[in-house]
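K.L.:
sequence first, predicted model second:
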Amino acid sequence: MEISCLPISASHRAKLLSAGYTTLSSLSSVSPPQLSRDLNVALQEAVDILKVSSESCRVEVQDGAVEFCKGAQTAWDMLSEEQALRHISTGSGDLDSILGGGIHCKEVTEIGGVPGIGKTQLGIQLAINVQIPYDFGGLGGKAIYIDTEGSFMAERAYQIAEASILDTFDNFGCQLKEIPEKLKAESFLANIFYFRICSYTEQIALINYLDQFLVEHKDVKIVIIDSVTFHFRQDFDDLALRTRVLGGMSQKLMNLAKKFSLSVVLMNQVTTKFTEGSFHLTLALGDSWSHSCTNRVILYWNGNDRYAYLDKSPYLRPASVHFSVTGKGIRDATSQCKRVRMM
Amino acid sequence: MASIPPKPENPLHLHTTKLTLGCPILDSFLGGGIPCGSITELVGESSAGKTQLCLQLLLSSLLPPSLGGLSSPSLYIYSEPPFPLRRLLRLSLPSLPPRPLDHIFVRPAHSADDLLSLLSHLPDSLPVRLIIIDSIAALFRSEFDNTPRDLKSRSSLFFKIATKLKDRARKLGAAVVVTNHVVDVVEAECGGARCLWSSGRRVVPALGLAWSHCVNTRVFLTRSEGMVRRSNGEECEVRTRRMHVVFSPCLPERSCEFAIVGHGVLGVG
């Protein structure tokens, strides 16, 4: 934002420019008496001009940092950046390792698979694991869970939260005599902002609203949509329209991920596609949707075992790994053959 | 135009009510009973026990909440006439209110569009907390060919119907139970769905992958034949029936045996 955009009178603007004040930063270090001399205006006018310019500075937000003087960052932003470098664990060490440590912040990750493979379970696990405190290697953040299918059950989330908390303490070898309030499963559940969405218009309206919501709730570090697909598999006779709507939605989600340094996780369904003379299983929402996400993980059955395949990533190799869904949530597979297979 | 921003809910306040099946073993197997607020599918071959279980649920929903019921009337939509009234009359549960049949609404559906129209025009004032569709498969059998276009419009109907059902389930806190048939598995196709054995056949649920995405819980009823010695020493042929949780938001995959006796469906433990 430059001088020309400041809400001041035209004559003041002209005087600023001819006196050599062309940028907002040049105004940040000048005193009112100095400015009134340079512009040949009354002291009170100079004070007003400086007030307007400093307010405009504060309004312009770049990556959450207020650039009052160049190079300064708020402590909150520094913490956010450090948190953004951390990954959200899926609960399975093997799965984390093919993901490069877990689910990344500032990126959109798509998780697709057949019904019953564990997409919702993974979503709930991530909504819990994002809350693991910073001192225990987590992000200490909150979660937004957008449920379009009605598969989120609070009892299951509670079960997963209890197990995740206990396992975290085990991993750090500590035995707390009394668990503090904020490390109880009830608090973990209360930190999930749960939205139940019943149509695609509600879905789009909510995603548009998230920008405002996230400004008010800066501690949210993950947004999960389970599933992003359900409401888009009806009512769209015009596929071009659907593609446009989906494209706009994915753009918004990508922007949210970057702007608020959080991770966006989208669950997708599968469908059969007839190519090259036979039916193949493929992710729903069409070919153009496949460009909408930074990362893609496909969950599939191999006999009676659950596998996860990293299908798309900007810097990791494709790999697949055996994992399991237990009473505690997503965990490593316990069978003997749990090697990670590189493609 | 002012719009109300959506308000998040706190999961701590989202308790899932369960509807009892009328048998403690089956209730415990299903984590308390049939969950309200989502769609539960009972899938199995003919005479597997799907309708029998549904009729039992019609009665158990009339029980008070203290006994696991919903104290509410129910709606039974049937697609394969006639309505099994005689079987319903033979069932009984303790502690039912007087004249239970007065609280069961029954309606036939002739086609998928008919069902959709029915669901769209259900008055909001109808306080049913159990909706049963028996069966969903029969509504789709004859109308659609296997062309890609028909399959797409068929799958679009699945999602429309499922959305309407889930809407009702959520608004009324209702349990929705849908029964489905099975089809035999052709070797190459068994990719998406897990198959089960029933009466010596490898089978998968009908209606394919798209419909599978529309239900929240899938319970498979299978049967096989064998001889059983009763407690009085007699040997007789009994169909072993098993109930399998194929997928569920909160239950592990598991199975349990059940039996259909004169007055109802019971778990065998």
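P.N.:
Looks like it came in fine.
K.L.:
please enumerate the helices of the chain.
P.N.:
Went with chain A since none was named. A:10-18, A:24-27, A:32-39, A:43-59, A:75-85, A:93-98, A:119-129, A:154-171, A:185-190, A:200-216, A:239-259 (DSSP state H).
K.L.:
could you do chain B instead?
P.N.:
In chain B, the helices defined using DSSP H lie at B:24-29, B:50-60, B:85-90, B:112-120, B:148-172, B:208-212.
K.L.:
dump these into TSV; add mean pLDDT, distance to A:S18 and mean neighbour count as well.
P.N.:
C-betas here are computed from N, CA, C, even on glycine. As requested, the helices of chain B are exported to TSV (pLDDT from 0 to 100; distance: least, Cβ to Cβ, whole Å; neighbours: other Cβ atoms under 10 Å in any protein chain shown):
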stretch	mean pLDDT	distance to A:S18	mean neighbour count
helix B:24-29	95	84	17
helix B:50-60	95	84	24
helix B:85-90	90	92	12
helix B:112-120	93	69	16
helix B:148-172	89	64	18
helix B:208-212	92	69	22
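K.L.:
out of the ones you listed, flag the one nearest A:K106.
P.N.:
helix B:148-172 (32.4 Å; Cβ to Cβ).
K.L.:
against which helices or strands is that closest one packed?
P.N.:
Contacts defined by 3 or more Cβ pairs under 8 Å, 6 or more residues apart in numbering or on different chains; DSSP states H and E place helix B:148-172 against strand B:39-44, helix B:112-120, strand B:130-134, strand B:175-180, helix B:208-212.
K.L.:
tabulate those (JSON lines), appending distance to B:L19.
P.N.:
As requested, the helices and strands packed on helix B:148-172 are exported to JSON lines (distance: least, Cβ to Cβ, whole Å):
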{"stretch": "strand B:39-44", "distance to B:L19": "9"}
{"stretch": "helix B:112-120", "distance to B:L19": "20"}
{"stretch": "strand B:130-134", "distance to B:L19": "7"}
{"stretch": "strand B:175-180", "distance to B:L19": "5"}
{"stretch": "helix B:208-212", "distance to B:L19": "23"}
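K.L.:
out of these, which comes closest to chain A?
P.N.:
helix B:208-212 (4.5 Å; Cβ to the nearest Cβ).
K.L.:
that older thread, export the helices of chain B as CSV, with columns for distance to A:D167.
P.N.:
Shown next, in CSV, are the helices of chain B (distance: least, Cβ to Cβ, whole Å):
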stretch, distance to A:D167
helix B:24-29, 27
helix B:50-60, 38
helix B:85-90, 49
helix B:112-120, 44
helix B:148-172, 33
helix B:208-212, 32
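K.L.:
what's opposite the residue in chain B that chain A sits nearest to in the beta bridge?
P.N.:
For chain B, the residue closest to chain A is B:F247, as judged by Cβ to the nearest Cβ, at 2.8 Å. For B:F247, the beta-bridge partners under DSSP bridges are B:R218.
K.L.:
now do the contacts for it.
P.N.:
A:P115, A:G116, B:T217, B:R218, B:E253 (Cβ atoms under 8 Å, 6 or more residues apart in numbering or on different chains).
K.L.:
repeat the analysis, applying 7 Å as the threshold.
P.N.:
A:P115, A:G116, B:T217, B:R218 (Cβ atoms under 7 Å, 6 or more residues apart in numbering or on different chains).
K.L.:
equivalent analysis for A:I88, please.
P.N.:
Contacts of A:I88 (Cβ under 7 Å, 6+ apart): A:G102, A:I103, A:L126, A:N129, A:V130, A:L139, A:I222, A:S263.
K.L.:
surely the last one and A:E107 touch.
P.N.:
Going back to what we said before, that points to A:S263. Yes - counting by Cβ atoms under 7 Å, A:S263 touches A:E107, with 6.3 Å between them.
K.L.:
neighbour count: those two, which is higher?
P.N.:
More crowded of A:S263 and A:E107, by other Cβ atoms under 10 Å in any protein chain shown: A:S263, with 28 against 19.
K.L.:
list the buried residues of stretch A:267-281.
P.N.:
A:M267, A:N268, A:Q269, A:V270, A:T271, A:T272, A:K273, A:L281 (16 or more other Cβ atoms under 10 Å in any protein chain shown).
K.L.:
perfect, that will be all.
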